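In: I'll drop the sequence and a predicted model, then ask my questions.
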Amino acid sequence: MDTISRENNSLLPMGGVIIGAVALIIGGYAAISLSKVNRTLAQQADKVAKIDDIASQVASASAASDKAARDITTLQNSTQAAVNQLGTELATVDEKLKHIEESHVAKAAKGAKGGESVVAGPGEYIVKGGDTGAKIARANGCTISELTAVNPGVSWSHLKVGEKIKLPEKK
């Protein structure tokens, strides 16, 4: 017998062919699976890029928010400084206005006789701007009814600056 015989009943070559076919099938499946994994990775890479973009936008928005907060604080401080300055200016204007009123009252108190000032004699009072009968009475230690008794023709609701009022005698 020959060592190489044509009639070899061994299943070994057939097993090799079967194993090779199974390996080709597994390799093909692996290639298809790898292709799917690559597509999934590409999709995930897009999503990661979008997430990175969103993170960048959030950081930018946070920086803008911080800047806006600083701007608001600066605006509050400058507004407070402006209000303080306005208060000072209003106080100055108020003082000037009082001075003008006092000057006007002094001019109104001058009599019609050649510009002479009206002077209160003993027991008299010269009406100033803002005076009322009650205010005059209080300032001179009497009541409004006592003032009315000695000044019967005076209209207490229509006092004129510079008008002379008689004061009641003190008891």
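Out: Received the coordinates, thanks. Given the structure is predicted, the values throughout are model-derived calculations rather than measurements. Residues are numbered from 1 along each chain as shown.
In: please count neighbours and contacts with C-alpha atoms only from this point.
Out: Will do.
In: what about the strands in this protein?
Out: Secondary structure of the chain, counting by DSSP state E: strands at 124-126, 164-166.
In: got those strands as JSON lines, with mean neighbour count columns?
Out: Written out in JSON lines, the entries for these read as follows (neighbours: other CA atoms under 10 Å):
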{"stretch": "strand 124-126", "mean neighbour count": "16"}
{"stretch": "strand 164-166", "mean neighbour count": "19"}
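In: may I see these organised as a markdown table, with distance to residue 78 and mean pLDDT added?
Out: Converted to a markdown table, the strands of the chain look like this (distance: least, CA to CA, whole Å; pLDDT from 0 to 100):
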| stretch | distance to residue 78 | mean pLDDT |
| --- | --- | --- |
| strand 124-126 | 48 | 91 |
| strand 164-166 | 52 | 91 |
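In: with distance to residue 28 added, can I get those strands in CSV?
Out: As requested, the strands of the chain are arranged in CSV below (distance: least, CA to CA, whole Å):
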stretch, distance to residue 28
strand 124-126, 120
strand 164-166, 123
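In: to residue 154, which of these lies closest?
Out: With CA to CA as the measure, strand 164-166 is the member of the strands of the chain nearest residue 154 (8.2 Å).
In: the closest one packs against which elements?
Out: strand 124-126 (3 or more CA pairs under 8 Å, 6 or more residues apart in numbering; DSSP states H and E).
In: helices or strands next to the strand it packs on in the packing?
Out: Using 3+ CA pairs under 8 Å, 6+ apart as the test, strand 124-126 ends up in contact with strand 164-166.
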